[in-house]
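Student: Just a sequence and a predicted model for now, questions to come.
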Amino acid sequence: MEHLTKETFLKKVFNFEENKEWKFEGDLPCMIDFYADWCQPCKIVAPILEELAEEYKGKINIYKIDTEVERELAGAFGIRSIPSLLFCPKDGQPQMAQGALPKESFLQVINDVLLAEKKEA
């Protein structure tokens with residue numbers, strides 16, 4: 001899973017410096033995990049995201065943003081509690097989910113919001 005900096009976020013997700021309205025820059029729908037190293041629930045979510053990254057390889061991208069390092073990105077999305085996950089479909093508005101969700105919840109959002117299916121086994 002790739003860790004995004006502000007620079008890579010602007011290229012791969014949303015260039016909020018040039019666009020006021022949401023405009024997704026990525027090739028694949030993505031999930032972004034806003035986390036911090038000290039956050040216990042974030043540690044619960046991390047292995048689930050690793051599994052999802054493998055199961056949906058080539059269908060969606062999963063990124064991580066360290067809110068302690070990338071404070072401007074966290075601020076741009078009004079992140080107040082972590083983990084917070086941003087789901088970005090190719091078309092349409094992104095949706096935010098908060099908290100350490102079970103894998104089933106992530107699967108539902110991936111299907112409903114990102115409209116992605118698992119890669120063929």
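Tutor: Looks like it arrived, so ask away.
Student: Going by C-alpha atoms from here, please, whenever you check contacts or count neighbours.
Tutor: Noted.
Student: quick one: residue 83 from residue 92, how far?
Tutor: According to Cα to Cα, to the nearest Å, residue 83 stands 23 Å off from residue 92.
Student: The two: who's more crowded?
Tutor: Here residue 83 and residue 92 are compared on neighbour count by other Cα atoms under 10 Å; more neighbours surround residue 83, at 26 against 12.
Student: The more buried one: what's it in contact with?
Tutor: Residues touching residue 83, when contacts are defined by Cα atoms under 8 Å, 6 or more residues apart in numbering, comprise 33, 34, 35, 36, 39, 41, 42, 45, 98, 99, 100.
Student: Next, the buried residues of the longest helix along the chain.
Tutor: Ranked by residue count and defined by DSSP state H, the top helix of the chain is helix 40-55. Of the residues in helix 40-55, those with enough neighbours to count as buried (16 or more other Cα atoms under 10 Å) are 42, 45, 46, 49, 52, 53, 54, 55.
Student: which non-adjacent residue is nearest the second one?
Tutor: Nearest in space to residue 45, with sequence neighbours left out and distances taken as Cα to Cα, 6 or more residues apart in numbering, is residue 100 at 5.7 Å.
Student: How many neighbouring residues does the one you found have?
Tutor: The burial count assigned to residue 100 is 20, neighbours taken as other Cα under 10 Å.
Student: now residue 96
Tutor: Quick note: residue 96 (other Cα under 10 Å) scores 14 neighbours.
Student: And for residue 81?
Tutor: The tally of other residues near residue 81 (other Cα under 10 Å) stands at 11.
Student: Dig out what the residue lying closest to it once chain neighbours are set aside forms beta bridges with.
Tutor: Nearest residue to residue 81 in three dimensions, chain neighbours excluded: residue 98, at 7.2 Å (Cα to Cα, 6+ apart). With DSSP bridges as the criterion, the beta-bridge partners of residue 98 are residue 84.
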